[in-house]
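Peer 1: Predicted model, plus sequence, below.
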Amino acid sequence: MTLPGENGQNLVEWRFRKEQTRGKVIVFGRKLRVNGRNLLSVDYDRSLRTEKIYDDHRKFLLKIIYDTQGHPTLWVPSSKLLSVNLTYSSTGQVTGLQRGPTTEKWEYDSQGRIISRVFADGKIWSYTYLDK
């Protein structure tokens, strides 16, 4: 994609690659480039259901782990930031979040609408709906 810029045009592109073992694709990779410079690389390992994100110098930034349904369940940063863990219901709705000591739980009604959020400090937010 080419975008107009101050000094002419800017070229934004995604480059894709794949790694294969015995004809089976194991890793999908993509690289974000702007004006010929790599800005970000993303590798997804199908067997581990893990995505790793790197900066322009291939320095590791973030790992994301997915469940068998394809939902992201764990974000693990390279820095001293805390990991984030999500849990899901059997229908794919987020039911919990944990970031260090901070937790949050969600509950839904039979129509799939959120009805409450329970926070680590015990506070509860309740939601009601005006049904027609």
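Peer 2: Now that the structure is in, tell me what you want to look at. Numbering: from 1, shown residues only.

Peer 1: By mean pLDDT, flag the weakest helix or strand of this structure.
Peer 2: Every helix and strand in the chain was compared by mean pLDDT, DSSP states H and E; the lowest is strand 2-5, with a mean of 61.

Peer 1: Downstream of it, the next helix or strand is which one?
Peer 2: strand 8-21 (DSSP states H and E).

Peer 1: those helices in this protein, which residues are they?
Peer 2: For the chain, applying DSSP state H gives no helices.

Peer 1: and it, what are its domains?
Peer 2: What automatic domain parsing lists as the domains of the chain is 1-78, 82-132.

Peer 1: what pLDDT does the residue nearest to residue 101 when sequence neighbours are not counted get?
Peer 2: Among residues not flanking residue 101 along the chain, residue 120 sits closest, at 6.8 Å (CB to CB, 6 or more residues apart in numbering). From N, CA and C alone the C-beta is placed, and that goes for glycine too. With respect to pLDDT, residue 120 scores 92.
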